[in-house]
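Engineer: need coordinates for the below:
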Amino acid sequence: MKQTKLIPYLLGAIALLIIPLVLQNFGNAWVRIIDMALLYVLLAIGLNIVVGYAGLLDLGYVAFFALGAYSYGLLASPHLQENFEYFAQLYPNGVHVSIWLIVPVAAAVAGLFGMLLGAPTLRLRGDYLAIVTLGFGEIIRVFMNNMEQPLNITNGPRGIGSIDSLHIFGWDLGKKLNIGGFELASVSQYYYLFLALVTLSVIISHRLELSRVGRAWMAIREDEIAAKAMGINTRNTKLLAFGMGATFGGVSGVLFASFQGFISPESFTLMESVMIVAMVVLGGVGYLPGVILGAVLLAALPEVLRYVAGPLQELTGGRLDASILRQLLIALAMVTVMLLRPRGLWPAPEHGKSLQNAKN
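Structural biologist: As a prediction, this is how the structure comes out:
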């Protein structure tokens, strides 16, 4: 029986490993779509700790994504060397810090800002918490957009370019790799890295869910007053949720900056935060398989709908813009799903059992 249960997992693992090898034959654009979907999976897993496990609505989560991206952008590009004489003398060839140092630094910075965000919001709930976190996300974006004068730290709306691709043990993921005459594109190499990190993140998140801390988060989510009465330190537990969720965002930002090679404040708007929250809610709040499904679908759907919006635009005689039609189709799809599946596409199996038992 155990071997029979393992077969679907093995088939799924094999499919995940060969997907980029098949898709790169049809163009790197398709592999890039999957890469971005995996990045959003990482972000959704991190936000699920805050929203799904602890029940704290966070609409400024993209701020931690931005902090990770700018941490890598500043420490792995010529920007500091070109704008500060000190760095030009210290690093004449540009600042190129190792990925093994930048990832912990970005995770720590994002985690610290996550706890700083959580500290003044400990007494807030519901809509008020959502408004404060939304404001935090916008503050970070505005700072990134304006920290060009008097010292050019972020290069303002022009963004930071020429960012290094990832180097792991001397292996440059930004270059094509030839293995026995078979060419592996850069986007396919990033895919395997993102897949490995998503797998690790799922394991960490699952262990957190089953841990004592995870149970404390869920107790706060269900009834904060009862959790406090049972001896749970709600203040520290909430701060830990904000900090842990933020670290996932920081690491995702590092990967995004290295993958794109360019970052600007336009990549970290409010709509990005809303989309990440929608991924968690649409998939199934607090349930990892549902969160992953929601992230993959919402990340890939806009790109797939490009091929639908074009013909629809032709039907209207070109009167409607293709991008507007695409947004309309995404909104209709989300509304339809939430009407048909109000608890998410793949909700937790335990959800609603007590209510069903009460009715019986």
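Engineer: shaky segments in the stretch 101-250 of the chain?
Structural biologist: Counting by pLDDT under 70, the stretch 101-250 of the chain contains no low-confidence residues.
Engineer: phi first, then psi, for the spatially closest residue to Ser98 that is not a sequence neighbour.
Structural biologist: In space, Ser98 comes closest to His167 once its chain neighbours are excluded; the distance is 7.7 Å by Cβ to Cβ, 6 or more residues apart in numbering. The way it works is simple: take the backbone N, C-alpha and C, and place the C-beta from them, glycine included. Backbone torsions for His167, taken as degrees, to the nearest 10, come to phi -120, psi 120.
Engineer: pretty sure Gly161 contacts Ala257?
Structural biologist: No - using Cβ atoms under 8 Å as the test, Gly161 is too far from Ala257 to be in contact (10.5 Å).
Engineer: and these two? which has more neighbours close in?
Structural biologist: Ala257 (30 against 15; other Cβ atoms under 10 Å).
Engineer: now that one: how far from Ala106?
Structural biologist: Applying Cβ to Cβ, to the nearest Å, the value for Ala257 to Ala106 is 9 Å.
Engineer: who touches both of the two?
Structural biologist: Shared contacts of Ala257 and Ala106 (Cβ atoms under 8 Å, 6 or more residues apart in numbering): Gly68, Tyr72.
Engineer: select the longest helix from the protein.
Structural biologist: Ranked by residue count and defined by DSSP state H, the top helix of the chain is helix 234-260.
Engineer: tell me the helices and strands packed up against it.
Structural biologist: Helix 234-260 sits against helix 28-48, helix 62-75, helix 99-118, helix 186-210, helix 212-222, helix 224-229, with contacts defined as 3 or more Cβ pairs under 8 Å, 6 or more residues apart in numbering; DSSP states H and E.
Engineer: contacts for stretch 75-91?
Structural biologist: Residues from elsewhere that reach stretch 75-91 (Cβ under 8 Å, 6+ apart): 73-74, 92-97, 99, 102, 105, 151-152, 155, 160-164, 257-258.
Engineer: tell me which element Glu183 falls in.
Structural biologist: Here Glu183 sits within strand 182-184, counting by DSSP states H and E.
Engineer: in its sheet, what does that strand sit against?
Structural biologist: Note on strand 182-184: by DSSP bridges, its sheet partners are strand 177-179 (antiparallel).
Engineer: what mean pLDDT does whichever helix or strand comes after the longest helix of the chain get?
Structural biologist: The element immediately downstream of helix 234-260 (helix or strand, assigned by DSSP H and E) is helix 270-283. Summarised as a single mean, pLDDT over helix 270-283 is 92.
Engineer: what angle do the helix or strand following helix 270-283 and helix 28-48 make?
Structural biologist: Heading C-terminal from helix 270-283, the first helix or strand you meet, by DSSP H and E, is helix 288-304. When axes from the mean of the first three to the mean of the last three Cα atoms, to 10 degrees is applied, the directions of helix 288-304 and helix 28-48 differ by 140 degrees.
Engineer: quick revisit: now a ChimeraX select for only the buried ones of the contacts of stretch 75-91.
Structural biologist: Buried residues among the contacts of stretch 75-91 (16 or more other Cβ atoms under 10 Å), as a ChimeraX selection:
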select :73,74,94,95,99,102,105,155,160,163,164,257,258
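Engineer: re earlier: just name the most buried of the helices and strands packed on helix 234-260.
Structural biologist: Comparing those by mean neighbour count (mean count of other Cβ atoms under 10 Å), helix 62-75 ranks first with a mean of 28.
Engineer: tell me how far that one lies from the chain's centre.
Structural biologist: 12 Å (Cα atoms, centre = their mean, to the nearest Å).
Engineer: neighbours around the closest residue to Gly174 other than its chain neighbours, how many?
Structural biologist: Spatial nearest neighbour of Gly174, chain neighbours left out: Ser165 (2.7 Å); criterion: Cβ to Cβ, 6+ apart. Using other Cβ under 10 Å, Ser165 has 17 other residues around it.
Engineer: Ser165 in helix, strand or coil?
Structural biologist: Here Ser165 is recorded as coil under DSSP: H, G, I helix; E, B strand; the rest coil.
Engineer: contacting residues for it?
Structural biologist: Contacts of Ser165 (Cβ under 8 Å, 6+ apart): Asp172, Leu173, Gly174, Lys175, Ser186, Ser258, Phe259, Gly261.
Engineer: now the first one, nearest residue through space, not along the chain?
Structural biologist: Just to be clear, that refers to Asp172. Going by Cβ to Cβ, 6+ apart, Asp172 has Ser165 as its nearest residue, at 6.0 Å.
Engineer: roughly how far does the one you found sit from Leu197?
Structural biologist: Relative to Leu197, Ser165 is positioned 16 Å away (Cβ to Cβ).
Engineer: and the helices and strands packed on helix 234-260: which comes nearest Gly245?
Structural biologist: For the helices and strands packed on helix 234-260, distance to Gly245 was read as Cβ to Cβ. The smallest value, 4.7 Å, belongs to helix 28-48.
Engineer: next, the angle from the closest one to helix 62-75.
Structural biologist: 120 degrees.
Engineer: hmm, back to that, next one: phi and psi at the residue nearest to Gly174?
Structural biologist: Per-residue torsions, Ser165: phi -80, psi 170 (degrees, to the nearest 10).
Engineer: ok, it to Asn155 distance?
Structural biologist: Ser165 is 19 Å from Asn155, where distance means Cβ to Cβ.
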